[in-house]
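Enquirer: Next input, structure requested:
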Amino acid sequence: MGWYGSAYFLPSCSFQLMFGKLFAEFSVRWVFLVALALFEIGSVVCAAAPSSAVLIAGRAIAGVGSAGILTGGLTVATLLE
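Expert: Residues are numbered from 1 along each chain as shown. Predicted coordinates for the structure are as follows:
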């Protein structure tokens, strides 16, 4: 049960640097939309999880998406200034 929280925050922290590089190299709009789609796919997997292992996998996918949303939100905020 301790993996429920860790499975979300570990990928979220690990993938922030990768998303920063993706935002620098590619279109901010498309990378942000991909991150949002990853987060939503992870949320749907969590909602339909028949077992604990699937729930943990869904949380990990959502964590990767949340890293992109956080990094993208900060990138968009700096572009608007």
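Enquirer: Could you check how many residues crowd around the closest residue to Gly72 other than its chain neighbours?
Expert: In space, and not counting its chain neighbours, Gly72 is closest to Phe32: 4.0 Å by C-beta to C-beta, 6 or more residues apart in numbering. C-beta coordinates here come from the backbone N, C-alpha and C atoms, glycine included. Phe32 is flanked by 20 other residues according to other C-beta atoms under 10 Å.
Enquirer: Just the element for Phe32, please.
Expert: helix 28-47 (DSSP states H and E).
Enquirer: Who are the packing partners of that helix?
Expert: Contacts defined by 3 or more C-beta pairs under 8 Å, 6 or more residues apart in numbering; DSSP states H and E place helix 28-47 against helix 16-25, helix 52-79.
Enquirer: Rounded mean pLDDT for that helix, please.
Expert: For helix 28-47, mean pLDDT is 97.
Enquirer: residues making contact with that helix?
Expert: 19, 22-23, 54-55, 57-69, 71-72, 75-76, 79 (C-beta atoms under 8 Å, 6 or more residues apart in numbering).
Enquirer: Ignoring the adjacent residues along the chain, who's closest to the most centrally placed residue in the chain?
Expert: When C-alpha atoms, centre = their mean is applied to the chain, the residue found nearest the centroid is Gly65 (1.4 Å). Nearest non-adjacent residue to Gly65, counting by C-beta to C-beta, 6+ apart: Phe39, 2.9 Å away.
Enquirer: Could you report the distance from that neighbour to Leu22?
Expert: As judged by C-beta to C-beta, to the nearest Å, Phe39 and Leu22 stand 15 Å apart.
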